[in-house]
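Would you be able to build a 3D model of this:
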Amino acid sequence: MAQPGRYTIFRTDSGVDFLAALAQNAAIFANLALPGGIGIAPFWVQSLEIISVENLAWELWFFNRTTTAVPADPDDDGFRGRWSFQAADGVRIGGAGTYHYAIDGLAIPVECSDYRLHPGSYAELHMALVNRSAAGKSADGAGAIMIQLALGGGLGGI
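Residues are numbered from 1 along each chain as shown. The predicted structure follows:
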């Protein structure tokens, strides 16, 4: 279990995660195994960074259980928080390379409440990447994206 005052870096794989094309206001849902040290206890998303081949308006949503769409019933919705970037937030050095989006000082409370349903009872990070741009996200390498999060522990029972 992560301890108060400590954090773990969680990074997606741009060659594996979020590879699908994505139209405006559509989402790609992902349920990704958490690194050791996080465990099943609630934790904070303290910062997030997106490194993207395309300059789009990104939104990242967090859930407490596996989902492939936002439920219609509020009682079944495991939503925990989100953060939005405008396309203008994406910056590069010298007008070349990938676009970088970053925010620090977040306090999004997250937990994996369905870990017993995962093989081996491991915890997962449940999130959705939403494209808020009028332009679509390209598939595969042309639309490659990597998300890096600083996850902190010590929430106890939120």
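
residues contacting residue 113?
64, 65, 78 (CB atoms under 8 Å, 6 or more residues apart in numbering). The way it works is simple: take the backbone N, C-alpha and C, and place the C-beta from them, glycine included.

and which of the residues you listed is nearest to residue 22?
residue 78 (21.4 Å; CB to CB).

returning to that earlier point: got a markdown table for the contacts of residue 113, with pLDDT and neighbour count too?
Listed next are the contacts of residue 113 as a markdown table, based on pLDDT from 0 to 100; neighbours: other CB atoms under 10 Å:
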| residue | pLDDT | neighbour count |
| --- | --- | --- |
| 64 | 88 | 18 |
| 65 | 84 | 18 |
| 78 | 86 | 18 |
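
Just the strands from the protein, written as ranges.
Ranges of strands in the chain, per DSSP state E, are 7-11, 27-33, 43-52, 58-63, 79-84, 91-93, 96-110, 124-131, 145-152.

Kindly reformat these as TSV containing mean neighbour count and mean pLDDT.
Converted to TSV, the strands of the chain look like this (neighbours: other CB atoms under 10 Å; pLDDT from 0 to 100):
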stretch	mean neighbour count	mean pLDDT
strand 7-11	16	88
strand 27-33	17	91
strand 43-52	21	94
strand 58-63	22	96
strand 79-84	16	94
strand 91-93	10	95
strand 96-110	14	95
strand 124-131	22	92
strand 145-152	20	94
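
How much space separates the closest residue to residue 98 other than its chain neighbours from residue 148?
Excluding its sequence neighbours, the residue lying closest to residue 98 (CB to CB, 6 or more residues apart in numbering) is residue 51, at 5.1 Å. Going from residue 51 to residue 148 by CB to CB, to the nearest Å gives 7 Å.

now swap in residue 9 and tell me
For residue 9 relative to residue 148 (CB to CB), the value is 6 Å.

about what we covered before: contacting residues around the residue nearest to residue 98?
14, 98, 99, 100, 101, 145, 146, 148.
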